[in-house]
Each structure stands twice: as C-alpha cells, then as structure tokens.
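Trainee: need the 3D shape of this:
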Amino acid sequence: MTFLSNRQAMGYAMVSGRQADTPLLKRSSLGVTTISTAHQLRFLHVGGRMGLSTEIQPIFGSFQLKRSNLGALRVTHSLSLAALLKIKLLVTLTSVSITLPHDVTAEHLQHSIGTLKALETLEVHQSPDTALKAKGRSKKRDFSLKTGEGLNNALCRTSPLKNLRTLTVDGDSIAQDMTAATLSPQCLETLHFIASGIKAENMVRALTVHLQRNKTLVHLSIRVAEGELDAKDQSWFVSVDTIFQEIGALRNLRKMWIEGIPTLGYKRVAADFAKTVLPNLAVLEELVYIPDTVSKRKRHHLPRLETLLEVQKHSKHLKVLDMAFLLPKKAPDTSPKHVSKHCLRNLSIRGASKRGDDGAKLAAVIDVARFLDMVFPHLRKVTVECIGSKEEKGFGRWDQIEGLVLMNQAMRTDRGRV
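Mentor: Below you'll find the predicted structure:
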C-alpha cells in the first residue's frame, strides 16, 4: 500500500501545523484539532515542524480508538512515547510510518507496533534529533543482539506480524537493533535497510536477523547514508562474507540495491560477489551495486569490466544493472565465439579512470561499445557516469557509448540479413 496515494479517498485527513484540510477535522477554541465522525477516517497523516511530538495525542484522544477503522497512519515528526504506546489500540492499521521517540526501548516497540496483527507495510524512521538524544543513552541500554543468546532468540522468536510484507528501517544501530530484535517478521517481501552512523558489526547483526527470518524476500535494499560510514572501520572486510552468505540464500530475490558501502566496491570483493552470490539468485532482474564516492587514490581498487562476464554467466534474467567500474583504455580480451543471448536492457556504469589517465580516447570507447554489444546484445539504454565528486578530463567521450552500442547492434542485424 502506498501511503495517502489518493487524497480523494473517503476518510482522508491531514494535519500539518495549523491547517486541517478535511471536514472530518475540527479546531476547538483552545487550538487543538479534534476529529468528528472518526469511524469514517481511513487515512491519517500528521505532519509539521520537528519536535511537535505532542500534537498527535489530542487527535488520538478525540475519539474512541477501539472503534476506529483507520487503515493508514503517517506521522512525520518524532512521536512521544505516550503516543507510540496508544497506537496498539488502532488494531485495523495496515500501513504505519513513524519517527521513533528518543526514549523508546525494544519493549516499547514490541508492545505497540509489534501488536498490530493486520499490519502490511511499516516504515520506522529516526530523526537526527532523536538519534542525537539516543546516542547519549545508548551506554545505559542492553540490546539483545549483542550477545549470542540474544541473537539466537531474535532469530527464533515467533512474530505476531504475520501479514507484514514491506519493512523500511531508517536509522542508526540503536534503531536497527531494536527493530530487528522485536519487529522483524518471517514473511517479508520487501526490506529497505537504510543505515546511518553504523559500524559493520552492528549492521551485520541486524541484517542477519532480517535475512535469516525472511527467506521470502523479493526486493532487498541496503544503503548506508552518504558520508556516514567510518572509513577506518576495517571490520567491514571481515563482515563481507557474512553479508554475501545471507544474501545468497534469498532464492526469490528479483530486485537488489546495495549502495554506500565502499568496501563492497573493491575489485576483489565485487568479483567474489559476482562469482559466489549471483549464481544463487537465479531470478534476479534488477541489480544496483555501487559504493560511495571513491577517492582518486583508491579508484584503482574498483572492479574491472571483466566482472560483466560473470554477471552475464550467472544472472540470466537480469534486465537492469547499475554498477561501478574502473574504465579501461581498451576492452577486456574475450574473443567470444558468438554473441550471447542475454536479455539485459538497461546498463548504467558508474565509472572512474586510473589516476594519471588523461581521459578516454575515442578508440577505447569504440572498443568497449563493441564488448558490451557482444556481452549484452539486447541493450536499449547505456549510460556512463563519473563516480568521483568532480568529472574527469575527457570523461565526456563516454557519452557516446550508447550510440556506439546501438550502431553495433544495427550492423550485426544487417550482417544477419545478408
């Protein structure tokens, strides 16, 4: 379900600051918004300035929650703890999007959101202000995923959220650990894991819970917010094998996005991903695999175009690919006996050249276009984008790649008619 996608739907209400844009909402002489005929309300969106955490409480108090037929609730500012605990009374909710209060605990989540048995879509966010306050309290908390016993309990526990199909968690290690330990169901189809200020070991713990409990995943998105990753955290290299092992077990996966983790963009790691993970994802149709911005000193670690041969070999149903590569001076030596039959349609290359290169030569672009046409003969869209923060000298020549690939296709078709 898409939150509030149809503003004409019966029972839509939105509260934002001082405005209420539906007759279902009335303003009292005290300036507090109340709701009339609440049983008609199906969609409620409460927005406004950050910090208005008490605004939703008078709304909840204006009608009998147990008589409500509310289906979707979206609150864009940080909830108060009291408001969070009242959500459990809205038993008809199928879609919820909330921002966590700074004093929330795993038990609070379990006894509020964790009781909504009809829930199908859940978004859990953590505002910067909430994260800052939580950071000061983190040493006083005991997060169960930090122990082997706690991790095992999180993996084995039963979940009342048997209808939950889509889960988005956007926050630091505190939010990720709590959500994984208490809310992760066993029937997810879509998981959006958006991490900020998180160490590798913390990320892997929470991901392990979600991925091992939800082998039914069809769409997986793992993203670390730009600039949030600790570049000195070498434990990412140790964690790669664990992440790859868990992803490789998702046999129903059709869409996968991995963004913002520079370690996964290194040529050895990317090659391992193509050789060990992709063979297990037989039905994968869309792959986005891009690291964070790569520095000029480290760009030589980017994977080579030869990795595309592994993608071609193992991902037979892939139609969309977005990946980072070190752009070559000439195409890989492949000498294929014949053009493949791969069905890839859209290819986006996030590229960078070796340090000291003075830009792409036209001959190299032509050579790479010929290589791409042989590996992926059904391409319809090809783009090359500079992965660095500043476009390199001569990089614009790669803009010609799509036209050259299509020209190769046309020439091949004409030869077939002769």
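
Trainee: contact partners for L305?
Mentor: Shown in contact with L305 (C-beta atoms under 8 Å, 6 or more residues apart in numbering): F325, L327, P328, A331, P332, V368, F371. All C-beta spots, glycine's among them, are computed from the backbone N, C-alpha and C.

Trainee: how far away is it from S97?
Mentor: As judged by C-beta to C-beta, to the nearest Å, L305 and S97 stand 41 Å apart.

Trainee: quick one on the thing from earlier: would a markdown table of the contacts of L305 with secondary structure and neighbour count be doable?
Mentor: Converted to a markdown table, those look like this (DSSP: H, G, I helix; E, B strand; the rest coil; neighbours: other C-beta atoms under 10 Å):
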| residue | secondary structure | neighbour count |
| --- | --- | --- |
| F325 | strand | 22 |
| L327 | coil | 26 |
| P328 | coil | 19 |
| A331 | coil | 19 |
| P332 | coil | 16 |
| V368 | helix | 27 |
| F371 | helix | 23 |
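
Trainee: got the residues you listed as CSV, with pLDDT columns?
Mentor: Formatted as CSV, the contacts of L305 follow (pLDDT from 0 to 100):
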residue, pLDDT
F325, 88
L327, 82
P328, 82
A331, 80
P332, 80
V368, 91
F371, 92
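
Trainee: nearest to R268, of these?
Mentor: Lowest distance from R268 to these (C-beta to C-beta) belongs to F325, with 14.0 Å.

Trainee: tell me what that closest one is bridged to.
Mentor: Beta bridges link F325 to G351, judged by DSSP bridges.

Trainee: so K162 sits against C187, correct?
Mentor: Yes - between K162 and C187 a contact is recorded at 6.4 Å, counting by C-beta atoms under 8 Å.

Trainee: more neighbours: which of these two?
Mentor: C187 (15 against 12; other C-beta atoms under 10 Å).

Trainee: make CSV out of the contacts of L305 and add distance to R74.
Mentor: Listed next are the contacts of L305 as CSV, based on distance: C-beta to C-beta, whole Å:
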residue, distance to R74
F325, 39
L327, 43
P328, 47
A331, 49
P332, 49
V368, 46
F371, 47
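
Trainee: for the stretch 201-350 of the chain, which segments count as helices?
Mentor: Counting by DSSP state H, counting those that start in this stretch, the stretch 201-350 of the chain has these helices, from start to end: 235-248, 267-272, 307-314.

Trainee: can you list those in a markdown table and add mean pLDDT and mean neighbour count?
Mentor: Formatted as a markdown table, those follow (pLDDT from 0 to 100; neighbours: other C-beta atoms under 10 Å):
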| stretch | mean pLDDT | mean neighbour count |
| --- | --- | --- |
| helix 235-248 | 82 | 18 |
| helix 267-272 | 87 | 17 |
| helix 307-314 | 93 | 19 |
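
Trainee: burial check on L100, number of neighbours?
Mentor: L100, neighbours per other C-beta under 10 Å, totals 26.

Trainee: going forward, the N-terminal residue is numbered 41.
Mentor: Got it, first residue is 41 now, which makes that one L140.

Trainee: what residues are up against the nearest residue to V415 once chain neighbours are set aside?
Mentor: Spatially, and ignoring its direct neighbours in sequence, V415 is nearest to Q352 (5.1 Å; C-beta to C-beta, 6 or more residues apart in numbering). With contact taken as C-beta under 8 Å, 6+ apart, Q352 is in contact with S380, H382, L384, V415, F416.

Trainee: thanks a lot, catch you later.
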